[in-house]
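J.: Return atomic coordinates for the entry below.
(one chain, ligands or ions: 1)
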Amino acid sequence: MKMITLILTSFALAIIVTYLVKLSYRRYQFLRKLKGLPGPKAYPIVGDSLEMLYLKRNELMKMNSEKRELYKSIYLEWSGPFAEIHLLRPEYVEVALKSTVNITKSMAYDFLHDWLGTGLLTSSGRKWQERRKMITPAFHFGILEDFVEIFGEKSRTLVEILKKQKFGEEFDIYPMITNCALDIICESAMGTTVNAQEKKDSDYVRAVYEVSELILYRALRPWLYAEFIWKMSSHGKAFYRNLKTLHDFTNKVIVERREATSKKCSLNESDDGVGKKKAFLDLLLEATENGHELSQADIREEVDTFMFEGHDTTAASIGWAIFLLGNNPEVQDRVVEELNDIFGDSDRLATIHDLNDMKYLEMVIKETLRLYPSVPFIGRLVTEDMVVGEHLIPAGVWVNIELFSVHRCRDHYSDPEKFNPDNFLPENTKSRHPFAYVPFSAGPRNCIGQKFALLEEKTILSSILRKFRVESTEKQEDICLMMDLVLRPESGVKIKMYPREQ
Ligand code: HEM
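T.: Model prediction:
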C-alpha cells in the first residue's frame, strides 16, 4: 500500500514539475521576444498576480490609472504564467482592433461560457463569422424602430416610479435605471415581460444579478479557476443553481415563442397573437426557417448574450450620464432646451425621429462614454504575430485593449479628465484619430448593439429630464470607480430630484 502511494505521489510530482518547467521555458521564450517592453516586476509562475490578490475591487481602476501615467503607451504584465500586453494608445489599439485574424477573446471571457455558451460575444473563428452575418440584419435601422416603442413604455414606468421619490431628498437612482434597462432588453430580446421595475421578486431578475456577481467573484480568485474546485465551492454551487433558473427561463420562452410562431404560420395569420413587435428571438427563429441550422442551445446562447451585453452596459452609461448632468447644470439646461424645442408642451413618447433630433444629448452621451466607458477593457488572444509601433507581439500572448486609457490620451484630448460634450462637435471630431474614441470597440468585432444602445439611452435620459431636474450629491473628483462586469460608480448614483413644472 505504502509503495503504491509512493509511486502515485512521485508520478503526480513528476507531472507538476514537468508542467512548471514547461511554463518557465515558455516564459523565457516570451521574455526574449518581448525584451524592451516596460512593466511591473514579475516572478516565474505567479507573475505579478500576487499584488492582485490583496487588491480590493474598487482599487483596480486606481491601479490601472497609475500604470497608465507610468507607462504611457504600452506595458507588459504577467497574469500568473501568461504574458499580457496592455495597449494604451489609439495608434496601437487600431492595429489590434482592425485585425481580422486576432479575433479570439482572452481567457477572462471563459468565465462567461457557462451562461452564454459560445454566442456572438464569446465565440471565434468560423462560428463567430457565420453568426455575425446572420444576426447583423436584426439590428437594421428599420427593425430598431420597432424597439423604440418598448423603450418609451418602459421609460414611462421609470418616470412613474421616480415621481414617488421625495423631491429634494438624496437617493440612489442606479438600481432603478438598471431595472428599466433589464425590462427593455427582456422584451426586446425575448418578447417577454419580467416587470423588473414593478415586481421585486422575479426569480429571473434575481438570478441575473446573482450570476453576474458570482462570475466576478470567481474571476478575482485564481484558486477557483479550476472547474472542479469551482463546482465544489459554495459560491460555485450557488452559481449553478442560479444559472439553471436563467437557462430554464430562456428555454421556456424559446419553446413558447416557437410554438406561437409555427401556429401562426400554419393558420397563415398576418397578426400573430405573439404581439406585433418582433423580438430578436423571433428573428433567430425565422432564420432557422430560412435554412440556418440553429438548435435550441444555439438560439439560447444568442438570446442570453443579448441579455448579458444589453442591459448592464446601457444602465451604467445612463447612470454616469445622470451623474455628470447632475454635476453640470449648464449642460443639463442645454439638453432641456433641446428637448423643449422637440416636444414643446406635449407629453407624448419620443419617436425615432425625435431621438434623431437630440443632437446635443447625443454629444452628452458620447462624452459620458468617453470618460466612463461601460466596457473599459477588451481582451484578445494573439493567434498570429502582430506589430504595434516598433513592437512585435508574438502569437500566444494576450493583449488588453484599454479603451478607458485611450479615451484619456492627452495627445487627443486637451483636458482629458474634464466633462466637455463639445469634444464631440463636428469641428473637434473631424481631425481626431479615429481610434481615440472607441467605447463600442471597432473593427470586425465591434458592438452589434450600439445603435440600439444609443436610442435606448436617449429615450430614458430624455424621459427623466423632461420631468425632473437632477442634482448630484457627489462630485466627479470624489467618485470611486468600480470595475464590475461593467464600469460603475462604487456608491451608485446619488442624486436629488425636483419636478420641472415648478
Ligand atoms: C452603452 C452600451 C454598450 C456598450 C458601451 C457596449 C460595448 C461593447 C463593446 C466594447 C464590445 C466589444 C467587446 C469585446 O470585443 O470583447 C461589445 C460587443 C458586443 N455587444 Fe455591446 N455595448 C453596449 C450595448 C449593447 C447592447 C444594447 C447590445 C444588444 C442588444 C450589445 C450586444 C453586443 C454583442 C452581441 C457584442 C459582441 C459582438 C461580436 O463580437 O460580434 N451591446 N459591446
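J.: shaky segments in the stretch 151-300 of the chain?
T.: 201, 264-276 (pLDDT under 70).
J.: Can you give the distance of the helix or strand harbouring residue 241 from its chain's centre?
T.: Taking DSSP states H and E as the criterion, residue 241 maps to helix 234-267. Computed by C-alpha atoms, centre = their mean, to the nearest Å, the chain-centroid distance of helix 234-267 equals 23 Å.
J.: tell me which strands and helices that helix is in contact with?
T.: helix 113-116, helix 174-190, helix 203-219, helix 227-232, helix 280-289, helix 296-309 (3 or more C-beta pairs under 8 Å, 6 or more residues apart in numbering; DSSP states H and E). C-betas here are computed from N, CA, C, even on glycine.
J.: out of those, deepest packed?
T.: helix 174-190 (a mean of 25; mean count of other C-beta atoms under 10 Å).
J.: Centre of the chain to that helix, how far?
T.: 14 Å.
J.: Over to stretch 364-374?
T.: On C-alpha atoms, centre = their mean, the centre of stretch 364-374 falls 13 Å from that of its chain.
J.: Next: stretch 362-381.
T.: With C-alpha atoms, centre = their mean, you get 9 Å for stretch 362-381.
J.: Let me see the contact set for the closest residue to residue 417 other than its chain neighbours.
T.: Spatially, and ignoring its direct neighbours in sequence, residue 417 is nearest to residue 408 (6.9 Å; C-beta to C-beta, 6 or more residues apart in numbering). By C-beta atoms under 8 Å, 6 or more residues apart in numbering, residue 408 lies in contact with 68, 371, 416-417.
J.: Turn those residues into CSV, including neighbour count and distance to the ligand.
T.: Formatted as CSV, the contacts of residue 408 follow (neighbours: other C-beta atoms under 10 Å; distance: C-beta to the nearest ligand atom, whole Å):
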residue, neighbour count, distance to the ligand
68, 19, 18
371, 21, 12
416, 16, 18
417, 11, 20
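J.: Lowest-scoring secondary structure element of this structure by mean pLDDT?
T.: Counting by mean pLDDT, DSSP states H and E, the weakest-scoring helix or strand in the chain turns out to be helix 50-53, with a mean of 71.
J.: On the C-terminal side of that helix, identify the next helix or strand.
T.: Past helix 50-53, the next helix or strand by DSSP H and E is helix 60-71.
J.: Quick check, the residue in this structure closest to the ligand?
T.: Closest approach between the chain and the ligand, counting by C-beta to the nearest ligand atom: residue 449, at 2.3 Å.
J.: thinking again about what came up before, can you point out the buried residues in the helix holding residue 241?
T.: Neighbour-count burial for helix 234-267, counted by 16 or more other C-beta atoms under 10 Å, picks out 236, 239, 242-243, 245-247, 249-250, 253-254, 257-258, 260-261.
J.: In three-state terms, label residue 86 for me.
T.: strand (DSSP: H, G, I helix; E, B strand; the rest coil).
J.: Quick check: pLDDT value at it.
T.: pLDDT for residue 86: 95.
J.: Name whatever forms a beta bridge with it.
T.: Beta-bridge partners of residue 86, counted by DSSP bridges, are residue 75, residue 400.
J.: OK, contacts around it?
T.: 67, 71, 74-77, 399-400, 402, 405.
J.: same deal with residue 280?
T.: Neighbour list for residue 280: 135, 138, 188-190, 302-303, 306 [criterion: C-beta under 8 Å, 6+ apart].
J.: quick one: which of those is nearest to residue 463?
T.: residue 188 (16.7 Å; C-beta to C-beta).
J.: OK, contacts around that closest one?
T.: With contact taken as C-beta under 8 Å, 6+ apart, residue 188 is in contact with 147, 150, 279-280, 306, 310, 452.
J.: roughly how far apart are residue 457 and residue 349?
T.: Residue 457 sits 15 Å away from residue 349, going by C-beta to C-beta, to the nearest Å.
J.: If you count surrounding residues, which of those two has more?
T.: The residue with more neighbours, out of residue 457 and residue 349, is residue 457; 25 against 17, by other C-beta atoms under 10 Å.
J.: State the pLDDT value of the more buried one.
T.: pLDDT, residue 457: 98.
J.: Are we agreed that it is in a strand?
T.: No: in this structure, residue 457 is helix, not part of a strand, as judged by three-state DSSP.
J.: does it really touch residue 317, like I thought?
T.: Yes: Residue 457 lies in contact with residue 317 (C-beta atoms under 8 Å); the separation is 6.1 Å.
J.: Let me have the contacts of residue 408 in CSV, adding distance to residue 465 as columns.
T.: Below are those laid out as CSV (distance: C-beta to C-beta, whole Å):
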residue, distance to residue 465
68, 33
371, 19
416, 26
417, 24
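J.: Take the helices and strands packed on helix 234-267 and lay them out in CSV including distance to the ligand.
T.: CSV is the format used below for these (distance: least, C-beta to the nearest ligand atom, whole Å):
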stretch, distance to the ligand
helix 113-116, 9
helix 174-190, 6
helix 203-219, 14
helix 227-232, 22
helix 280-289, 7
helix 296-309, 4
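J.: So for residue 54, which of those helices sits nearest?
T.: helix 203-219 (16.0 Å).
J.: Next, the angle from that closest one to helix 296-309.
T.: Angle between the axes of helix 203-219 and helix 296-309 is 80 degrees (criterion: axes from the mean of the first three to the mean of the last three C-alpha atoms, to 10 degrees).
J.: which other residues reach helix 203-219?
T.: Against helix 203-219 from outside (C-beta under 8 Å, 6+ apart): 57, 108, 111-112, 115, 179, 182, 186, 194, 196, 199, 224-225, 230, 235-236, 238-239, 242-243, 245-246, 249, 307-308, 311-312, 484-485.
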